[in-house]
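Colleague: Next comes the sequence, and after it the predicted model I'd like to discuss.
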Amino acid sequence: MIVGLGEPTGQGWTQVWELLLALLLCSLIGLERELKQKSAGLRTHTLVGVGAALFLLISKYGFTDVLAEGRIVLDPSRVAAQIVSGIGFIGGGLIFVRRDVVRGLTTAAVVWMSVAVGCACAAGLPLLAVLVTAAHFLVVYGYPPLIRFATRTRPATSPVRVTYHDGKGVLRTVLELATRAGYSVEHAITERQEAEGDRDGSPVRTQALIDLRLRLVGPRNVHELLAELADQPGIVAVETGELDDRSE
């Protein structure tokens, strides 16, 4: 036991090892999220994992000085249950809806799992903690190719955004090209914008831009259609949700 740190029970090298293991495993999980540029990255996952481990250690050993046989009984599991409930405020803050697309679900789930890994380390279950950490990497790296393989023959739903000049018949061209490429339009929203034109740095008039958002159902590789759309006159910008995937 480490001497001079308050109550000796629960402050030995075993607990130090459990906290360090939580630090290592949750850092590995957070590093994967950081490399994918997710909203919750290395620091967030490491802090919540190590914090959860410390809370569980406090629950197990932090009240030994007030125990009295037959009078006060501790239930360490109550803090673990509160950790699971309390982490919801972080997970809820990572999930948001933009238009009709839900984003951040996977990252919120990973934060929740980091807490579980930290708790497992503090509970003296290092094998389970390592196993779950390995399962995390299996899921995030192994499942996407498997899903693509299993669904390669099924039509995909692709969000597409097209910005174009109004009054030039661009909408008709967009729909014709999409239909010719084998896509059907599941959903379409247009929004009018006013953009100031300029000549030699001086504003001359306003040009109306249309922001068109489509949800297309058809072939999975939508980038060929995007390249064809980008070459059409009157189109200012073309993008797809796959270019800014924050759903994980």
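Modeller: Sure thing, it's come through. Numbers count the residues shown, from 1 in each chain.

Colleague: buried sites along the longest helix along the chain?
Modeller: When the chain is parsed with DSSP state H, its longest helix is helix 13-35. Neighbour counts over helix 13-35 (16 or more other C-beta atoms under 10 Å) mark 15, 18-19, 21-30, 32-34 as buried. For the C-beta atoms, the positions are set from N, CA and C on the backbone; glycine is no exception.

Colleague: avg pLDDT for it?
Modeller: Mean pLDDT, computed over helix 13-35, is 88.

Colleague: Outside of that helix itself, which residues are in contact with it?
Modeller: Residues from elsewhere that reach helix 13-35 (C-beta atoms under 8 Å, 6 or more residues apart in numbering): 2, 40-46, 48-50, 52-54, 57, 61, 107, 110, 113-114, 117-118, 121-122, 124, 126, 129-130, 133, 136-137, 140.

Colleague: and R78, what does it touch?
Modeller: S59.

Colleague: That one: helix or strand, and which one exactly?
Modeller: helix 77-86 (DSSP states H and E).

Colleague: average pLDDT for stretch 229-236?
Modeller: pLDDT averaged over stretch 229-236 gives 87.

Colleague: Now do that stretch: distance from first to last residue.
Modeller: Using C-alpha to C-alpha, to the nearest Å, the end-to-end distance of stretch 229-236 comes out at 10 Å.

Colleague: before we move on, what about stretch 31-46?
Modeller: From start residue to end residue, stretch 31-46 stretches across 9 Å - C-alpha to C-alpha.

Colleague: Also stretch 219-232?
Modeller: From its first residue to its last, stretch 219-232 covers 21 Å (C-alpha to C-alpha).

Colleague: Can you list the buried residues in it?
Modeller: V222, L225, L226, L229.

Colleague: And stretch 155-170, by the same measure?
Modeller: Neighbour-count burial for stretch 155-170 [16+ other C-beta under 10 Å]: A156, S158, P159, V160, R161, V162, T163, Y164, D166, V170.

Colleague: Now Y183: closest residue in space, sequence neighbours ignored.
Modeller: G218 (3.5 Å; C-beta to C-beta, 6 or more residues apart in numbering).

Colleague: which residues in the chain form helices?
Modeller: Using DSSP H, helices in the chain cover 13-35, 42-61, 77-86, 88-94, 105-122, 126-137, 143-150, 170-180, 223-230.

Colleague: I'd like those written out as JSON lines, with distance to E191 added.
Modeller: What follows is the helices of the chain, written out as JSON lines (distance: least, C-beta to C-beta, whole Å):
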{"stretch": "helix 13-35", "distance to E191": "32"}
{"stretch": "helix 42-61", "distance to E191": "34"}
{"stretch": "helix 77-86", "distance to E191": "40"}
{"stretch": "helix 88-94", "distance to E191": "27"}
{"stretch": "helix 105-122", "distance to E191": "26"}
{"stretch": "helix 126-137", "distance to E191": "39"}
{"stretch": "helix 143-150", "distance to E191": "32"}
{"stretch": "helix 170-180", "distance to E191": "13"}
{"stretch": "helix 223-230", "distance to E191": "18"}
